[in-house]
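J.: Got a sequence here, can you model it:
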Amino acid sequence: MKRTIFTTLFAYLFFTSFAQKENKAVEIYKKEIDNPNVEFMGIGGHILSLQFDQFNAPIKVGVEAYAKIGELFVNTKGMFGEALIDVYSERSSTIYSAYEGGNAFSNYEATISYGLTSKNIIEKTQVNLFRSGNTIYYVDVPTTIKKTIGVEAALDRGFISFSGRANRMEGKPVLPESYEGTVNLGDTFGQKFMSTNYQYQVLSVGVNQTKTSYVLVNAKKYGTHSASSYLRYYGRLSFLVGYELDDVIAPGPDDDSPGGSNPVGYYKFSLKGNTPMHKIGFNAGVQLISPQGVSGIFFAEAGVLPGPQSGILGRAYINFGGGFSLSKLLFKDKL
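T.: As a prediction, this is how the structure comes out:
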């Protein structure tokens, strides 16, 4: 009985003290602006981005520019990098891309989004007041959040090293000239993998949900401080609208013994049109931007890239990264 009374009394004192602290926190500031209908524009730099896939898992850097005007949001991004995995080391024989561009990676993406319907909700937002050493002092401010459902489309142009199963490819030998038949790469050479370069153009269409907020408070002796956020979730279907696969070459036999150590001529395999292709894929992701001042940017995306059939994992990937941005608010109004 005593234990129950003590526990109840302790809980009462704890929550009473906590409520008093919360009341005092609320009293130290006054909201000056609470308006999620902001417009903004900015640029950003991605200082670290990683992609995990079956092809070459590149590590990347990049730049992007973005703007939001009314319900319209546009975003352009360019990413460049090198593979962490050398796909050419996986070839079991001297079958390789005629171009053999190494492990370079590049991707350019342009996205346009338009909000169709929205509603406002109230959520707490952290507004930082000041820093003392490694400690940040802040208040949680009830803030109006604008949740919008919209549609979007994106066009991607990319270049990536590719490693696939050779027994799916067919081609004609360039030399010797006396041979005019069609050679099956798997049957003739018995190779497990071939390596080449894949260039693609992919159109993605889908839906998204965005959450936008901007709040400014007057914290009296701490001055005015604000917090802003643009958070976008999306899911899209992807369609392959164009692609190139570099040709693959392999050494031919010498004059005395087929498959000898001193080959004469080579076989050239034209992969485009002879390679099984998946024309449809999908992706889902999230993007975070702070619409005001110098801040950070973040994105993450997972999906299946349309393209050549390749192994169990196919064209699945996980892609994420972050960096910094410089943004300017174009529009905000008073309460």
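
J.: For residue 221, give me phi and psi.
T.: In terms of degrees, to the nearest 10, the main-chain angles of residue 221 are phi -70, psi -10.

J.: Look up how far residue 304 lies from it.
T.: Going from residue 221 to residue 304 by CB to CB, to the nearest Å gives 55 Å. For every residue, glycine as well, the C-beta is placed using N, CA and C.

J.: of those two, who's got more company?
T.: residue 304 (17 against 7; other CB atoms under 10 Å).

J.: who does that one bridge with?
T.: residue 282, residue 316 (DSSP bridges).

J.: isn't it right next to residue 318, touching?
T.: No - applying CB atoms under 8 Å as the test, residue 304 and residue 318 come out as separate, 10.9 Å apart.

J.: Could you give the number of residues near residue 225?
T.: 18.

J.: Residues touching stretch 219-230, excluding its own?
T.: Contacts to stretch 219-230, defined as CB atoms under 8 Å, 6 or more residues apart in numbering, come from residues 28-30, 32-33, 38, 40, 68, 125-130, 139, 141, 143, 210-218, 288-292, 329.

J.: now the helices for the stretch 51-200 of the chain?
T.: 185-189 (DSSP state H, counting those that start in this stretch).

J.: quick one: low-confidence ranges for it?
T.: 55-56, 85-103, 163-195 (pLDDT under 70).

J.: Have a look at this structure and report its longest strand.
T.: Identified as the longest strand of the chain according to DSSP state E is strand 135-165.

J.: Leaving out sequence neighbours, find the closest residue to residue 307.
T.: Leaving out its chain neighbours, the residue that sits closest to residue 307 by CB to CB, 6 or more residues apart in numbering is residue 315, at 5.1 Å.

J.: Now, the contacts of stretch 219-230 that are in strands?
T.: If you go by DSSP E, those have 30, 32-33, 40, 68, 125-130, 139, 141, 143, 210-218, 288-289, 329 in strands.

J.: Show me just the buried residues among those residues.
T.: 33, 40, 68, 125, 127, 129, 139, 141, 143, 210-217, 288-289, 329 (16 or more other CB atoms under 10 Å).

J.: what number of residues lie near residue 279?
T.: 12.

J.: Please disregard the earlier target; I meant residue 48.
T.: Counted with other CB under 10 Å, residue 48 comes out at 12.

J.: same check, this time on residue 116
T.: For residue 116, using other CB under 10 Å, the count is 10.

J.: For it, give me its contacts.
T.: Per CB under 8 Å, 6+ apart, neighbours of residue 116: 71, 148-151.

J.: Of those residues, keep whichever come out buried.
T.: Counted by 16+ other CB under 10 Å, the contacts of residue 116 give 148, 150 as buried.

J.: Could you point out which of the contacts of residue 116 is nearest to residue 49?
T.: Here the nearest of those to residue 49, counting by CB to CB, is residue 150; it sits at 25.1 Å.

J.: So which bits of stretch 73-80 are buried?
T.: 73-75, 77-80.

J.: Cross these against strands and list the overlap.
T.: 73-75, 77-80.

J.: tell me which of those is nearest to residue 51?
T.: Set against residue 51, the nearest of these by CB to CB is residue 79 (8.8 Å).

J.: Chain neighbours aside, what residue packs nearest to that closest one?
T.: Residue 79's closest residue in space is residue 62 (CB to CB, 6+ apart), at 3.7 Å.

J.: Could I get the contacting residues of the one you found?
T.: 45-46, 49, 77-80, 321.

J.: Could you do residue 76 as well?
T.: Neighbour list for residue 76: 64-66, 108-111 [criterion: CB under 8 Å, 6+ apart].

J.: now do residue 126
T.: Contacts of residue 126 by CB under 8 Å, 6+ apart are 138-141, 227.

J.: Mind listing the residues bridging to it?
T.: Applying DSSP bridges, one finds that residue 126 bridges with residue 140.

J.: now residue 158
T.: Applying DSSP bridges, one finds that residue 158 bridges with residue 107, residue 200.

J.: My guess is it contacts residue 199. True?
T.: Yes - under the criterion of CB under 8 Å, residue 158 makes contact with residue 199 at 7.1 Å.

J.: that older thread, surely the residue nearest to residue 307 and residue 305 touch.
T.: Yes - counting by CB under 8 Å, residue 315 does reach residue 305; the two are 4.1 Å apart.
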